[in-house]
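> please find the sequence and the predicted model below.
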Amino acid sequence: MTAKNAQEEILRLLREKAGQFVSGEEFSQSLGVSRTAVWKQVRQLRELGYTIEAVTSRGYRLTGTPDTLIPTEIQAGLETRRIGREVVYYETTDSTNLRAHDLGEAGAAEGTVVIADRQTAGKGRLGRSWISPPGVNLYVSVLLRPPILPYHAPQLSFLSAVAVARAVAEISGLAPSVKWPNDVLLRGRKIAGLLNEMSAETEGIHYVILGIGVNLNMRSDQFPADLRYPATSLALEKGEPISRAAFARALLHHLDSLYALYLEAGFPPVLKAWEAFFDLIGRQVEVDYQSRRVQGRVEGLDDDGALLLRLPDGRAEKVLAGDVRPV
């Protein structure tokens, strides 16, 4: 048994008997190793930040877990069919999307998750950067291999947004909204950004990467002063720290269930779920196409998720890409 597997087994036994002691002998029998070897693994878990009480003649008891995103913590109690069965963790990497691309090219299984504590080159839409300080947020990429045409891949952005919004509501009790096409807001401020990328040919997709960044515990002074859109974090809105591992598990759970729904029933139920978080219908917005800007009233979305506007002169405008903000 590897050290990683031994630590996972120790944590599993400690969690099964939450609040109770597990004897060194019980660990030894379960792991097939000596009690000295058990003690060494417990010591390494403490170095990772776990608080494990040891009492002579009684054994060990888990009394605290660190705010870490290591696979053992992410997968504890995670019951998903596809997403998160394999979790790859980096303390620091350039971009989780780039690492997921490498795994996709190497043939990694659908549902593989890449998580980093810190990104040095986090990616946003249109070549923008995503600020990724360590120890506060969630930076995650999910590798999928959907049996769809490349034309339909943007539909998965709506799926990601719904999963993030549902995780925010579940963990915080707050009411998020979505901003077309792929941001998640709290009280009008951006809390999460999504960047989906793919490898495809004309007739099929090799893989899609769902890139997701969520501001969980960022302080106000950690946000850049020149943000294009007002931003916040879940902790700032909730008024208390957020467990990153708990949020990651909730997010992966919702991604897994929504992806299963998408494969079974297609895009319509995902779009309907997205519309439940969309609060701009009937409101005036401005769309920045980079080369020009237009204003109009939001009338809804078409079957493919394109934004439908009514312009001031009465003409209809179908928006396929652009930055949207209320005016």
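Arrived safely. Numbering: from 1, shown residues only.
> where along the stretch 1-150 of the chain do the strands fall?
Applying DSSP state E, counting those that start in this stretch to the stretch 1-150 of the chain gives strands spanning 51-55, 59-64, 87-90, 113-116, 138-144.
> make a markdown table out of those and add distance to Arg81, mean pLDDT and mean neighbour count.
No exception for glycine: its C-beta is placed from N, CA and C like everyone else's. Listed next are the strands of the stretch 1-150 of the chain as a markdown table, based on distance: least, C-beta to C-beta, whole Å; pLDDT from 0 to 100; neighbours: other C-beta atoms under 10 Å:
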| stretch | distance to Arg81 | mean pLDDT | mean neighbour count |
| --- | --- | --- | --- |
| strand 51-55 | 32 | 93 | 13 |
| strand 59-64 | 28 | 93 | 17 |
| strand 87-90 | 15 | 94 | 19 |
| strand 113-116 | 13 | 97 | 26 |
| strand 138-144 | 13 | 97 | 26 |
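> kindly reformat those strands as a markdown table containing distance to Leu13.
As requested, the strands of the stretch 1-150 of the chain are exported to a markdown table (distance: least, C-beta to C-beta, whole Å):
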| stretch | distance to Leu13 |
| --- | --- |
| strand 51-55 | 11 |
| strand 59-64 | 9 |
| strand 87-90 | 20 |
| strand 113-116 | 25 |
| strand 138-144 | 28 |
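> nearest to Leu261, out of those strands?
Smallest distance to Leu261 across the strands of the stretch 1-150 of the chain (C-beta to C-beta): 13.6 Å, for strand 138-144.
> which residues does the closest residue to Gly19 other than its chain neighbours contact?
Take Gly19 and drop its neighbours on the chain: the residue closest to it by C-beta to C-beta, 6 or more residues apart in numbering is Arg61, 7.1 Å away. Residues near Arg61 by C-beta atoms under 8 Å, 6 or more residues apart in numbering: Leu14, Gly19, Gln20, Phe21, Val22, Ile52, Glu53, Val55.
> quickly list what Arg61 is bridged to.
Using DSSP bridges, the bridge partners assigned to Arg61 are Glu53.
> relative to Arg15, how far out is it?
From Arg61 across to Arg15, the span is 11 Å (C-beta to C-beta, to the nearest Å).
> and if you look at Asp279?
Distance from Asp279 to Arg15, counting by C-beta to C-beta: 39 Å.
> mind checking what secondary structure Gly300 has?
strand (DSSP: H, G, I helix; E, B strand; the rest coil).
> give the contact list for the closest residue to it other than its chain neighbours.
Nearest non-adjacent residue to Gly300, counting by C-beta to C-beta, 6+ apart: Leu308, 5.3 Å away. Applying C-beta under 8 Å, 6+ apart to Leu308 gives the contacts Val298, Glu299, Gly300, Leu301, Asp302, Ala316, Glu317, Lys318, Val319.
> what about 10 Å?
Each residue near Leu308 by C-beta atoms under 10 Å, 6 or more residues apart in numbering is listed here: Ile281, Gly296, Arg297, Val298, Glu299, Gly300, Leu301, Asp302, Ala316, Glu317, Lys318, Val319.
> any idea which helix or strand comes after the helix or strand that contains it?
Assigned by DSSP states H and E, Leu308 falls within strand 307-310. Remark: after strand 307-310, the chain's next helix or strand is strand 316-319, criterion DSSP H and E.
> contacting residues around that following strand?
Strand 316-319 is contacted by residues 180-181, 285, 287, 289, 294-296, 298-299, 301-302, 304, 306-311 when judged by C-beta under 10 Å, 6+ apart.
> low-scoring stretches of this protein, by residue?
Along the chain, segments meeting pLDDT under 70 span 1-4, 125-127.
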